[in-house]
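# build the 3D model from these lines:
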Amino acid sequence: MAGFKADLWLFPPVNVFIAIGKVKGVNEIDVDIDLDELVPAPFCRPAKPCGTINLPFEAEVDNATITLGTILVYGSEDWFISGSAAKTLSVSSKERSDVESTNFAFRGGPRFQVGEDSYVTPYMGANYFDLQTRVRGVVSTGPFFEDGDPVNLRYDVELEASHPWALLVGMNVELTRHINLQGEVQAGERSTRGLTTVSLRF
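I've put the predicted structure just below:
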């Protein structure tokens, strides 16, 4: 993702922001299909079951995004705590891969000054990331039946995060007042996400 972000400090601890950007990537989706429930007799029947097939497929993402959010911060030169909330709408030129996400996060940790304008800040916290997306298309298994015919399916899949909460650990490095590096790992019950961010402030 590449984007532009504008923010405003309303009060010393309250920041609001808007970001616009571009996202490119791939949604990797695995679908298990019970053909005995899907395909009518005489193709699939108790005497000759078709079984279950797995159809892994990829949905390309090439989206424009807009994010609105706020950050609440409290701390000193030596430590900080923060809470953030953001809503992102990611609209695709293709109808199948629009994405809507809601994010809440809480972070806290010490700050170490390593230069005149440079700080290293390790932190930990918790993150809530709720994702909703819908993908549509057609997928084929290749040869599946005895005569070599494939199973071709038109799909319309709605996806959402089943376990949105995750613990997080990360580090923020302020190289200068204008250059910031951040790395973060979010470990949830069913997934682990790694995030790397480079920010240039004007």
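# just checking, Val173 touches Thr197?
No: in this structure Val173 lies outside contact range of Thr197 using Cβ atoms under 8 Å: 10.6 Å. In this view, the C-beta of every residue, glycine as well, is placed from N, C-alpha and C.
# neighbour count winner among these two?
Val173 (15 against 12; other Cβ atoms under 10 Å).
# still on that earlier bit, can you work out which residues contact both of Val173 and Thr197?
Residues touching both Val173 and Thr197 by Cβ atoms under 8 Å, 6 or more residues apart in numbering: 180-182.
# of those residues, which belong to strands?
180-182 (DSSP state E).
# what about the helices in the protein?
Secondary structure of the chain (DSSP state H): helices at 35-38.
# residue ranges with poor pLDDT in this protein?
43, 47, 93-97, 141-142, 144-146 (pLDDT under 70).
# next, name the residue at the spatial heart of it.
Leu131 (6.8 Å; Cα atoms, centre = their mean).
# contacting residues for that residue?
99-101, 159-161, 164.
# swap in 7 Å and give it another go.
99, 101, 160-161 (Cβ atoms under 7 Å, 6 or more residues apart in numbering).
# would you list those in JSON lines and tack on distance to Ile53 and neighbour count?
JSON lines is the format used below for the contacts of Leu131 (distance: Cβ to Cβ, whole Å; neighbours: other Cβ atoms under 10 Å):
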{"residue": "Val99", "distance to Ile53": "27", "neighbour count": "20"}
{"residue": "Ser101", "distance to Ile53": "31", "neighbour count": "19"}
{"residue": "Glu160", "distance to Ile53": "24", "neighbour count": "12"}
{"residue": "Ala161", "distance to Ile53": "26", "neighbour count": "18"}
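# so which of these sit within strands?
99, 101, 160.
# still on that earlier bit, wait, which of the contacts of Leu131 is closest to Ala41?
Glu160 (34.2 Å; Cβ to Cβ).
# touching, that closest one and Arg134? I think so.
No: the pair Glu160 and Arg134 fails to qualify as a contact (Cβ atoms under 7 Å) at a distance of 9.9 Å.
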